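Engineer: Sequence and predicted structure, then a few things I'm wondering about:
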Amino acid sequence: MTESKHSAGMVQPGDRIAIVAGLRTPFAKQGSAFTHLTALDLGRTVVRELLARSEMDPREVGLVVYGQAIPNPTAPNVAREIVLGTTLPKSTDAFTVVRACATSFQTTTSAAEAMLAGQHDVAIAGGADSASDVPVTVTKKLAHVLSLVQRARTMTDKLRALSDLSPRDLVPIPPALREPSTGLTMGEHAERMAQRASVSREEQDRFAHQSHVRASAAWTRGFFDAEVMHIVPPPAFDRPIDRDNMVRADSSLEAYAKLRPVFDPDHGTVTAGNSSPLTDGASALLLMKESKAKALGFAPLGYLRSWGYAALDPKDGLLMGPAYAVPIALDRAKLRLADMDVVDMHEAFAAQVICNRRALASRRFAEEKLGRSAPIGEVDDDRFNVHGGSIALGHPFGATGARMIHTVLRELRRRGGQFGLATACAAGGLGAAVILEVA
Ligand SMILES: CC(=O)SCCNC(=O)CCNC(=O)[C@H](O)C(C)(C)COP(=O)(O)OP(=O)(O)OC[C@H]1O[C@@H](n2cnc3c(N)ncnc32)[C@H](O)[C@@H]1OP(=O)(O)O
């Protein structure tokens, strides 16, 4: 059995944690509509609008938990900067957490834990990331020389320190989506998963195409209208962005098949078409204790039933977190996968979704990796990522979890379901799963 330390929460009956409202920005391709906005700008905007739309008295909010998967050193506690940039009172407590691509799973459950501990009755949780505004770092040599220059007393000393630099030392270093422990990018890990599990290119492309078709249909039907706010971005402030701008209604399987593999050009199957794209966006949820929601007259969208996190050895399949986290959350909820009316799995890559779905359905995986005698279960297509997912909608890392939780709750209500599951993989070999219930 794989060693996996995990933590999980269980909401006690009596006073559940309600999700009362949610909102996100449209998700935009890196370098497109939101190029001139930071993650903080996006986070502030969505929280401000969430408060306005929900008609929430900001003085009732005790806590903001927010996160960016790629934190910006100019605003390391992004949650607090959001408080200071919205109508929330300056006395609102705020902290920032990072759990890579599962960041807003963590902000949501951290807010819930603070409420369960009796510290707050109302909280806002969410996350944002801007792939257009990533912190670019400098070489170690340049950083060292700059610190020498700062400390140098005379101009001669400053110039002497600077003279030590070569042009190569001046080249900026953009952040890589590279796993420090393995040296591989997320895409290379996805490629390895696909090759190890013999996931065909066609199966990946078919899944990615389905994500786009479903997301496009959801937009056409107006499903996302209530989840997504409009933004009129700088510098022109003349064109409102009211939709995710990467959903392709018009692609075809033939078009997918023509794309070249990105992460293993010679033998690979992972392409721009079957990967989640680099994205800018933000999301937020309004959480309350059930009793508080009742007292304030809010009708909750639904409740957090349980949650679970899992950690596995990255070499065992860096992006296999959902297959380990889902059973933990289900056990905590005393429910089975079959009880879920809606399942949403973050689509980092089509290959990763396919591998995790197979693992959940596999007796061998259950026995060898989870120490269980029976598989966790299969999820049919009618319940799985029914409005598309991160491949089509985009994946602003920190924002994805809260987006998924909100969508699951709204879909449960739409179809009259009771239980829903949102789950994601995250860098470092982490997995997150949240079980939601309506009524
Ligand atoms: C836990 C986790 O979440 S881990 C995941 C973390 N996220 C990541 O690692 C990000 C992974 N994604 C990426 O790095 C990038 O999106 C990449 C490298 C895969 C692709 O980047 P880019 O090359 O910039 O993608 P781009 O959108 O330009 O697409 C490349 C081409 O494919 C085409 N294309 C993309 N998607 C489709 C599609 N669905 N159908 C048809 N064509 C498509 C584009 O039109 C473009 O064609 P062109 O070159 O003729 O203009």
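Structural biologist: Yep, that arrived.
Engineer: Helices along the stretch 201-350 of the chain, start to end?
Structural biologist: Here the stretch 201-350 of the chain has its helices, by DSSP state H, counting those that start in this stretch, at 201-221, 253-258, 290-296, 321-333, 350-361.
Engineer: Next, the buried residues of the longest one.
Structural biologist: Buried residues in helix 201-221, counting neighbours by 16 or more other Cβ atoms under 10 Å, are found at 201, 203-216, 218-219. (C-beta placed from N, C-alpha, C; glycine too.)
Engineer: Would you mind pulling the contact partners of it?
Structural biologist: Residues outside helix 201-221 that contact it (Cβ atoms under 8 Å, 6 or more residues apart in numbering) are 194, 224, 243-244, 247-249, 251-253, 256-257, 269-271, 273-274, 347, 349-351, 353-354, 381, 385-393.
Engineer: can you check the last one too?
Structural biologist: Residues from elsewhere that reach helix 350-361 (Cβ under 8 Å, 6+ apart): 190-191, 193-194, 197, 199, 203-205, 207-208, 211, 269-270, 274-275, 317, 319-323, 326, 337, 345, 347, 365, 369, 375-379, 384-385, 389, 391, 425.
Engineer: Where do the domain boundaries of the protein fall?
Structural biologist: 8-133+278-434, 140-170 (automatic domain parsing).
Engineer: Mind checking those for the one nearest to the ligand?
Structural biologist: domain 8-133+278-434 (3.2 Å; Cβ to the nearest ligand atom).
Engineer: where are the low-confidence patches of the stretch 51-200 of the chain?
Structural biologist: In the predicted model, the stretch 51-200 of the chain carries no residue with pLDDT under 70.
Engineer: how close does residue 224 sit to the ligand?
Structural biologist: Counting by Cβ to the nearest ligand atom, to the nearest Å, the separation of residue 224 from the ligand is 19 Å.
Engineer: And residue 257, by the same measure?
Structural biologist: Counting by Cβ to the nearest ligand atom - residue 257 and the ligand are separated by 9 Å.
Engineer: And residue 219, by the same measure?
Structural biologist: 15 Å.
Engineer: Need the per-residue pLDDT for that residue.
Structural biologist: Note on residue 219: pLDDT of 98.
Engineer: gap between residue 112 and residue 250?
Structural biologist: 41 Å (Cβ to Cβ, to the nearest Å).
Engineer: of all the helices of the stretch 201-350 of the chain, which lies closest to residue 89?
Structural biologist: Nearest of the helices of the stretch 201-350 of the chain to residue 89, taken as Cβ to Cβ: helix 290-296 at 16.6 Å.
Engineer: Can you give me every residue that contacts residue 145?
Structural biologist: 161, 162, 164, 165, 169.
Engineer: scratch that, residue 52 is what I was asking about
Structural biologist: Going by Cβ under 8 Å, 6+ apart, the list of residues near residue 52 is empty.
Engineer: which element is it on?
Structural biologist: helix 39-54 (DSSP states H and E).
Engineer: Residue 252: how many residues sit nearby?
Structural biologist: For residue 252, the count of nearby residues is 10 (other Cβ atoms under 10 Å).
Engineer: any idea of the pLDDT on it?
Structural biologist: 94.
Engineer: And for residue 6?
Structural biologist: At residue 6, pLDDT is 45.
Engineer: before we move on, what about residue 2?
Structural biologist: pLDDT, read off for residue 2, is 43.
Engineer: interface residues of this structure facing the ligand?
Structural biologist: 101, 177, 186-187, 212, 248, 251, 255-256, 259, 262, 272-273, 275-278, 319, 348, 395, 425-427 (Cβ under 6 Å from any ligand atom).
Engineer: Just the buried residues of those.
Structural biologist: By 16+ other Cβ under 10 Å, the residues of the chain next to the ligand give 101, 177, 186-187, 212, 248, 251, 256, 259, 262, 273, 275-278, 319, 348, 395, 425-427 as buried.
Engineer: returning to that earlier point: would you format the contacts of residue 145 as a markdown table with secondary structure and distance to residue 437 included?
Structural biologist: Formatted as a markdown table, the contacts of residue 145 follow (DSSP: H, G, I helix; E, B strand; the rest coil; distance: Cβ to Cβ, whole Å):
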| residue | secondary structure | distance to residue 437 |
| --- | --- | --- |
| 161 | helix | 61 |
| 162 | helix | 62 |
| 164 | coil | 62 |
| 165 | coil | 59 |
| 169 | helix | 56 |
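Engineer: out of the residues you listed, which is most surrounded?
Structural biologist: residue 161 (18 neighbours).
Engineer: average pLDDT across the strand or helix carrying residue 20?
Structural biologist: Residue 20 belongs to strand 17-24 when assigned by DSSP H and E. For strand 17-24, the per-residue pLDDT values average out at 98.
Engineer: did I read that right, residue 432 in a strand?
Structural biologist: Yes: with DSSP: H, G, I helix; E, B strand; the rest coil as the criterion, residue 432 is located in a strand.
Engineer: residue contacts, it?
Structural biologist: By Cβ under 8 Å, 6+ apart, the neighbours of residue 432 are 99, 102, 105-106, 307-309, 321-322, 325, 401, 423-424, 426.
Engineer: Out of the residues you listed, which two sit at the greatest distance?
Structural biologist: Most distant of the contacts of residue 432, by Cβ to Cβ, are 106 and 322, 15.0 Å apart.
Engineer: more neighbours, those two?
Structural biologist: More crowded of residue 106 and residue 322, by other Cβ under 10 Å: residue 322, with 30 against 24.
Engineer: What residues does that one make contact with?
Structural biologist: Counted by Cβ under 8 Å, 6+ apart, residue 322 has contacts 345, 346, 356, 360, 423, 424, 425, 431, 432, 433.
Engineer: Closest to residue 123 out of those residues?
Structural biologist: Among these, and counting by Cβ to Cβ, the member closest to residue 123 is residue 432, at 18.2 Å.
Engineer: Show me the beta-bridge partners of that closest one.
Structural biologist: residue 309, residue 424 (DSSP bridges).
Engineer: Equivalent analysis for residue 65, please.
Structural biologist: residue 95, residue 125.
Engineer: If I look at residue 14, what pLDDT would I see?
Structural biologist: 73.
Engineer: quick one: it is in a helix?
Structural biologist: No: counting by three-state DSSP, residue 14 falls outside a helix, being coil.
Engineer: sorry, back to before: buried ones among the contacts of helix 350-361?
Structural biologist: Looks like the contacts of helix 350-361 have 190-191, 193-194, 199, 203-205, 207-208, 211, 269-270, 274-275, 317, 319-323, 326, 337, 345, 347, 365, 369, 375-377, 379, 384-385, 389, 391, 425 buried, using 16+ other Cβ under 10 Å.
Engineer: Fine by me, thanks again.
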